[in-house]
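Asks: Structure here, sequence nowhere to be found:
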Ligand SMILES: Cc1cc2nc3c(=O)[nH]c(=O)nc-3n(C[C@H](O)[C@H](O)[C@H](O)COP(=O)(O)OP(=O)(O)OC[C@H]3O[C@@H](n4cnc5c(N)ncnc54)[C@H](O)[C@@H]3O)c2cc1C
């Protein structure tokens, strides 16, 4: 059996859930929060920080799969939110979110793989590198970090209004909206005993990971591409 066949089989066995659009909220001109009603999903799943769903997006009589992070969970109401970047180049998920209205329906498969887990013992600090697409995951990590573990958050600014997005910083955290394509600034400062979590465009993520590996042990760096410049990210 090929790797692709195995991946398809795993996905077919993974649980799927219906999602109903409950409310649509524009966070900025380039980011839309969609609140989904999904009591069945929330009853069946523990939601760890960075937990994400494979959303099946209808497009031209087919469905394509795109990854979105679960955030702002309100279990008592059976609700969670996903923040969709409304990126400049059209894409099925971003276009779907632009047009979404209460009552719209989607299907989601749960097969998230490895999620964020706080190391034991906790590190001296966390370097969190991302952009608006990974900000929901970064916010959930920040909510889970103990107060004693400071975070330095560097977010790649794509649009002037990105800094209006809420970042759940705590008193000892620092936050910069910056250009992550130039890695020097991102990695200056004392990182002794720190861990890093990186999620942004795939090529930029790869470069940041390589640079971080010169400063930190490999096990202290978790990095994942969240989107690919100039190409779709997902399968039919
Ligand atoms: C685990 C995981 C969790 C994720 N969680 C979120 C989330 O919560 N919110 C979120 O917005 N995204 C999230 N993403 C990223 C999202 O899956 C991708 O951005 C995806 O490409 C969007 O699909 P699309 O159909 O809109 O565009 P695609 O069809 O994949 O791409 C079309 C074009 O748009 C460009 N593009 C895609 N995404 C971006 C972007 N973010 N910025 C600029 N250009 C882009 C591509 O380069 C391409 O040229 C996550 C990805 C992963 C792997």
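Replies: Yep, it's here. What you see is a predicted model; the values in this text were computed from it and never measured. Numbers count the residues shown, from 1 in each chain.

Asks: Just give me the neighbour total for the residue in the chain positioned nearest to the ligand.
Replies: In the chain, the residue that lies nearest the ligand is residue 91 (2.1 Å; Cβ to the nearest ligand atom). C-beta here means a position set from N, CA and C on the backbone, and glycine is covered the same way. Other residues lying near residue 91 total 21 when counted by other Cβ atoms under 10 Å.

Asks: Repeat that for residue 201.
Replies: 21.

Asks: And for residue 193?
Replies: Residue 193: 12 neighbours (other Cβ under 10 Å).

Asks: Name all residues that make contact with it.
Replies: By Cβ atoms under 8 Å, 6 or more residues apart in numbering, residue 193 lies in contact with 123-125.

Asks: Including secondary structure and neighbour count, could those residues go into TSV?
Replies: Listed next are these as TSV, based on DSSP: H, G, I helix; E, B strand; the rest coil; neighbours: other Cβ atoms under 10 Å:
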residue	secondary structure	neighbour count
123	coil	19
124	coil	14
125	strand	22
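
Asks: So which bits of this protein are right by the ligand?
Replies: 52, 66-69, 82-85, 87, 89, 91-94, 133, 136, 226-234 (Cβ under 6 Å from any ligand atom).

Asks: Which of the residues you listed fall within helices?
Replies: Among those, DSSP state H puts 92-94, 136 in helices.

Asks: okay if I get these as CSV plus distance to residue 18?
Replies: Converted to CSV, these look like this (distance: Cβ to Cβ, whole Å):
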residue, distance to residue 18
92, 19
93, 17
94, 22
136, 21
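
Asks: Low-confidence stretches in the chain?
Replies: Applying pLDDT under 70 to the chain flags residues 1-12, 184-186, 235-236.

Asks: re earlier: phi, psi of the nearest residue to the residue of the chain closest to the ligand once chain neighbours are set aside?
Replies: Counting by Cβ to Cβ, 6 or more residues apart in numbering, the nearest residue to residue 91 once its immediate chain neighbours are dropped is residue 232, at 6.4 Å. Backbone dihedrals for residue 232, given as degrees, to the nearest 10, come out at phi -70, psi 150.

Asks: ok, residue 232 touching residue 59?
Replies: No - at 10.5 Å, residue 232 does not count as touching residue 59 under the criterion of Cβ atoms under 8 Å.
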